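Q: here are the coordinates; sequence isn't available:
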C-alpha cells in the first residue's frame, strides 16, 4: 500500500488536507484546486482520475506534521487580523491607484485591464465590511469559546463571494500576466494582484478550514 493510500488523500476534503498537511496549499495552488471556498470537495472529485496519482504522490512527499498556524484560538485570530486583515487594508487601495493609472495611460492597448479599478473598489468595500463584521462581532465571540453557527455560515457565504471576485480578477488580468510590452506600473500592478489573490486565498482557507471547524462549523 502506498503512502498516499495510507494517508487517504483521495477521499479527504481539500480543505482538510490543506489544514493538516504543511505544503499542501502550494500543491493545490499550482494545480488550480480551490481549497478555500471549495474546501469541502473530495480530492478525488476535484481532479481528473488520471491526474489523481500524481497529486497524491506530491502530497505523500510532503513531511506530515502540525500546520504552521497558532494552536490557541485567540492567537490564531490575532494572526489572521495582523497577517491578512491589515495587509489587505494596505494592499487594495494601492492596487486601485495603480489600476486607475494603467487603465488611463494604456486605454488604447488591446490587453488593457478595463474595469479593474472598479472591480478592486468593489472588493475593497465588500472586504472592509466583511472584516469589520468579523473583528467587531464574530471574533470576540470566538475568543471566549462561543461559536455562533449562523454567523460563521454567513462568513462562509461571504467568503464564496470573495472567491467569485478572485475569479473575476484573474479573468481581467489574464491570470495576472502582463503583456510583453507592459510598463513597470503595469507589471507592478499584476504582481500586486497576484500576491493579493494568494493572500486572500490563504486567508479564507485559515478561517473556513482551520478556525471555524474548531467550533463545529
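A: Structure's in. What do you need? None of these values were measured; they are calculated from a predicted model.
Q: got the phi/psi numbers for residue 42?
A: phi -70, psi 150 (degrees, to the nearest 10).
Q: which stretches of the protein form helices?
A: 3-7, 14-20, 24-30, 43-46, 52-60, 73-80, 86-105, 116-133, 139-143, 149-172, 184-205 (DSSP state H).
Q: what's the third one in contact with?
A: Think helix 24-30. 14, 17-18, 34-35, 55, 58-59, 62, 198, 201-202, 205 (CB atoms under 8 Å, 6 or more residues apart in numbering). C-betas here are computed from N, CA, C, even on glycine.
Q: buried subset of those?
A: Among the contacts of helix 24-30, those buried by neighbour count (16 or more other CB atoms under 10 Å) are 14, 17-18, 34-35, 55, 58-59, 201-202, 205.
Q: closest one of these to residue 120?
A: residue 201 (16.3 Å; CB to CB).
Q: now do the contacts for that closest one.
A: If you count contacts by CB under 8 Å, 6+ apart, residue 201 has them with 29, 35-36, 166.
Q: rerun that using 6 Å as the cut-off
A: Residue 201 is in contact with residue 36, counting by CB atoms under 6 Å, 6 or more residues apart in numbering.
Q: which of the buried ones among the contacts of helix 24-30 sits closest to residue 141?
A: When those are ranked by distance to residue 141 (CB to CB), residue 205 comes first, at 21.1 Å.
Q: residues near the closest residue to the closest one other than its chain neighbours, how many?
A: In this structure, residue 205 finds its nearest non-sequential neighbour in residue 36, 4.2 Å apart by CB to CB, 6 or more residues apart in numbering. Neighbour count of residue 36, defined by other CB atoms under 10 Å: 25.
Q: next one: residue 36 from residue 18, what distance?
A: According to CB to CB, to the nearest Å, residue 36 and residue 18 sit 8 Å apart.
Q: residues that sit against both of those two, list them.
A: With CB under 6 Å, 6+ apart, residue 36 and residue 18 have common neighbours residue 205.
Q: just checking, which helix or strand of this structure averages the lowest pLDDT?
A: In the chain, the helix or strand scored least confidently by mean pLDDT, DSSP states H and E is helix 3-7, which has a mean of 42.
Q: residue ranges with poor pLDDT in this protein?
A: Scanning the chain for pLDDT under 70 picks out the ranges 1-7, 22, 63-68, 217.
Q: one more pass at 50, please.
A: 1-6, 66 (pLDDT under 50).
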